[in-house]
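Chemist: how does the following fold in three dimensions:
(chains A and B)
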Amino acid sequence: MTSRRRDQNEATAELPAPAADRGLLDRRAFLTGAVKVAGLVAAGTLSGELLATAQTAEPAAPETPPWMKTPGRPFRGYGQPAKYEEEVKRIIVQPYKDIAPGAGESMTPLHQLQGTITPNGLHYERHHSGVPDIDPARHELLIHGLVRRPLKFSVEALLRYPTVSRIYFLECSGNSFFNAAAEPPQKSCGAIHGLISCCEWTGIPLAILLDEAGLDPRGRWIVAEAGDAAAMNRSIPMEKCLDDAMIALYQNGERLRPEQGYPMRLLLPGWEGNMSIKWLRRLTVTESPVYSREETAKYTDPMPDGKARQFTFPMGVKSVITHPAAGITMKGKGFYEISGLAWSGSGRITRVEVSADGGRSWAEAALQAPILPLALARFRLPWNWDGSPVLLQSRAIDEKGNIQPTREKWASQYSAGNTYHYNAIQTWSISPEGEIRNVYQ
Amino acid sequence: MSTNRLLGSLVLLAAVICVACPAFSGPDLGRELKPEEIAAWDITVPPDGSGLPPGSGTAAEGGAVYFAKCADCHGVKGMEGPADRLVGGIGTLAAKKPLKTVGSYWPFATTLFDYIRRAMPYNAHRSLSNDEVYALSAYLLSLNGIIDPEARMDAKTLPQVKMPNRDGFVSYWP
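Modeler: Here you go, the predicted structure:
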């Protein structure tokens, strides 16, 4: 690591210390409140443009806007975003077009959001056969196989069970697969990396239901099956089922959205999203994996020697700068807050570093507390852009010591055909004109 | 001991017992199932072929079903798309441009029956008879050169088919 030491600027009181090259400032610069705009300007660290804004202290009295002259509209039963935010939408990808419009995905517009919780209407979707319209009165959950008592639960019954609420990210195994292509795709940040979202999920610990059914000690796996037209099924190791797996019924406080598995879904924190079976209808306790199409033909990761990794469950340590990022245009040189998301399927994020020179020098970013395991973490770093070309990168490290790899290192593990478990460092190239492009580094 | 103190002691005792309990205990609101009830739900076919239903089919029979119900999306030869390629690519997995198909990549023939019955054809799921599913499985295995075109697939023969990429996977769990 080549991070600069903070004491380089000790002589200049109240100035944010540069933390790495190309204008990256110390992560504590704006948290302590010690920095004064006047000091920054005097030292020439902020642009003249910002100075001009700061000096326009007494504007003319504004005209009274219409919304201050008449009452606003009355109440509505279910709130909607401001109409001025209409362009904040999921990015829809339908690879099979008209022949299977419900197969594909819609991606969270990461570059248009802040914080760490994804609004329910913007949670990413990945469907293999569209979104079913399931009547909860006709939906049931079966638990059978190697159990003492096979059981069937109505939705109504499950809503009476003890619950827990946990904040977890969910990431599609294929997230960021566009960057596996030989040439970097010129898409927005959300359109490249938006198969990740984070919610507070409320549901029943799966262990409770398994306890009621009575596990046979021979049961080492559970095959979970969906109740939609794809009836997708995946084999899940018993260790996970008895650890933190839950039957999720609520998402950010309200019942699950249909596209997230209404009336119930399996949730396997930190593991590839495909396994968190939506519209859950059946759990079969087995001795072995079932080797379904989704864990053989798909969701296996081909390696250069022609063999493929199978059962690669946890999502790798990863981060992406969402501001500034492709999909945003820079507004001239001067101060920016670099901000982004970091996560790991192996636990908590412990550190995120940011580089503005393509990985030559790194500055440690501030992490927004609380930093929860298997949840999105928001990182931030103040930046004074001098208008020169930069290569912005972020690199995450988790509590197990896993370090987000470079693209080259990631690619060396797989064959050219692999599109799963992409977690390489993202590089955003920013030109003096303020254009942001996706580049490989 | 006054009634109040007795009550207080009982509450305290109850609290202590609860702390000693497992963190969660379920209210047991499930209904116990009989084996015959489960059969109607169970559509899973693992590699050993358990769960395969009665019935059978050949490649010739499967070809007719394929052209009627599959070729629009998978192509006349099973290689053209636009949906997933089903045929070809055997021996390409270590090449610069690997081609993953049923023939080149899938490790178990039983998965064909499981998946076709479960999720195909895309716009009419669960509409095929068991004979049709066996026949389609035979047709695709035959097109890939994995079984003899005359071979009849059923609950006994399908699990015996050895797929070219049977040993192509490395388990990362545990």
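
Chemist: alpha carbons of stretch A:20-33, as PDB, please.
Modeler: This file holds the C-alpha atoms of stretch A:20-33, laid out as PDB (Å, rounded to 0.1, in the frame of the first residue of the first chain):
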ATOM      1  CA  ALA A  20      -3.600   9.800  -1.700                       C
ATOM      2  CA  ASP A  21      -2.800  11.300  -5.100                       C
ATOM      3  CA  ARG A  22      -5.100  13.200  -7.400                       C
ATOM      4  CA  GLY A  23      -6.900  15.100  -4.700                       C
ATOM      5  CA  LEU A  24      -8.100  12.400  -2.300                       C
ATOM      6  CA  LEU A  25      -8.600  13.900   1.100                       C
ATOM      7  CA  ASP A  26      -8.500  12.400   4.600                       C
ATOM      8  CA  ARG A  27     -11.700  10.600   5.400                       C
ATOM      9  CA  ARG A  28     -12.100  12.500   8.600                       C
ATOM     10  CA  ALA A  29     -11.700  15.900   7.000                       C
ATOM     11  CA  PHE A  30     -15.400  16.800   7.000                       C
ATOM     12  CA  LEU A  31     -16.500  14.600   9.900                       C
ATOM     13  CA  THR A  32     -14.600  16.500  12.600                       C
ATOM     14  CA  GLY A  33     -16.100  19.900  11.700                       C
END
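
Chemist: what are the buried residues along it?
Modeler: Under the neighbour-count criterion of 16 or more other CB atoms under 10 Å in any protein chain shown, stretch A:20-33 has A:A20, A:D21, A:R22, A:G23, A:L24, A:L25, A:D26, A:R27, A:R28, A:A29, A:F30 buried. From N, CA and C alone the C-beta is placed, and that goes for glycine too.

Chemist: in strands only, show me those.
Modeler: Among those, the members found in strands (DSSP state E) are A:A20, A:L24, A:L25.

Chemist: format the buried residues of stretch A:20-33 as a markdown table; extra columns: pLDDT and distance to chain B.
Modeler: Formatted as a markdown table, those follow (pLDDT from 0 to 100; distance: CB to the nearest CB, whole Å):
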| residue | pLDDT | distance to chain B |
| --- | --- | --- |
| A:A20 | 94 | 35 |
| A:D21 | 93 | 38 |
| A:R22 | 93 | 37 |
| A:G23 | 94 | 41 |
| A:L24 | 95 | 37 |
| A:L25 | 94 | 41 |
| A:D26 | 93 | 40 |
| A:R27 | 92 | 35 |
| A:R28 | 88 | 39 |
| A:A29 | 82 | 42 |
| A:F30 | 71 | 42 |
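
Chemist: please tabulate those in TSV, including the columns distance to A:L159.
Modeler: As requested, the buried residues of stretch A:20-33 are arranged in TSV below (distance: CB to CB, whole Å):
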residue	distance to A:L159
A:A20	51
A:D21	55
A:R22	54
A:G23	53
A:L24	50
A:L25	50
A:D26	50
A:R27	44
A:R28	46
A:A29	49
A:F30	45
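
Chemist: identify the residue of the stretch 251-400 of chain A closest to chain B, quick one.
Modeler: A:G306 (3.1 Å; CB to the nearest CB).

Chemist: nope, the stretch 151-300 of chain A is what I meant
Modeler: A:L151 (3.3 Å).

Chemist: and the gap between the spatially most central residue of chain B and chain A?
Modeler: Taking CA atoms, centre = their mean, the centroid of chain B lies closest to B:D114, which sits 4.3 Å from it. Per CB to the nearest CB, to the nearest Å, B:D114 is found 7 Å from chain A.

Chemist: now do the contacts for the closest residue to that residue other than its chain neighbours.
Modeler: Among residues not flanking B:D114 along the chain, B:V45 sits closest, at 4.0 Å (CB to CB, 6 or more residues apart in numbering or on different chains). Taking CB atoms under 8 Å, 6 or more residues apart in numbering or on different chains as the criterion, B:V45 is in contact with B:G51, B:L52, B:T110, B:T111, B:F113, B:D114, B:R117.

Chemist: please apply the same query to A:I328.
Modeler: Counting by CB under 8 Å, 6+ apart, A:I328 has contacts A:H111, A:C189, A:I436.

Chemist: again, 6 Å this time
Modeler: A:H111 (CB atoms under 6 Å, 6 or more residues apart in numbering or on different chains).

Chemist: what does A:Y124 give?
Modeler: So A:Y124 contacts A:M107, A:T108, A:G194, A:L195, A:S197 (CB under 6 Å, 6+ apart).

Chemist: got the phi and psi for the first one?
Modeler: Which is A:M107. phi -110, psi 140 (degrees, to the nearest 10).

Chemist: what residues are bridge-paired with it?
Modeler: A:I91 (DSSP bridges).

Chemist: what's the burial count for it?
Modeler: For A:M107, the count of nearby residues is 28 (other CB atoms under 10 Å in any protein chain shown).

Chemist: that one and A:I91 touch, don't they?
Modeler: Yes: counting by CB atoms under 6 Å, A:I91 is a contact partner of A:M107 at 4.4 Å.

Chemist: need the residues touching each of those two.
Modeler: Contacts common to A:M107 and A:I91, judged by CB under 6 Å, 6+ apart, are A:G190, A:A191.

Chemist: ok, and the most crowded of the contacts of A:Y124?
Modeler: Neighbour-wise, the contacts of A:Y124 (other CB under 10 Å) top out at A:G194, 30 neighbours.

Chemist: which one is A:D301 nearest to, not counting chain neighbours?
Modeler: That would be A:R309: by CB to CB, 6+ apart, it lies 4.2 Å from A:D301.

Chemist: residue contacts, the one you found?
Modeler: Here A:R309 is in contact with A:D301, B:V170, B:Y172 (CB under 6 Å, 6+ apart).

Chemist: sec struct for it, please.
Modeler: With DSSP: H, G, I helix; E, B strand; the rest coil as the basis, A:R309 sits in strand.

Chemist: try B:I116
Modeler: helix.

Chemist: against chain A, how distant is it?
Modeler: Applying CB to the nearest CB to B:I116 and chain A gives a distance of 9 Å.

Chemist: go through whichever strand or helix holds B:I38 and flag the buried ones.
Modeler: For B:I38, the element it lies in under DSSP states H and E is helix B:35-39. By neighbour count on 16+ other CB under 10 Å, the buried set for helix B:35-39 is B:I38.

Chemist: would that helix count as contacting chain A?
Modeler: Yes: Helix B:35-39 is in contact with chain A by CB under 6 Å from any CB of the partner chain, via B:I38.
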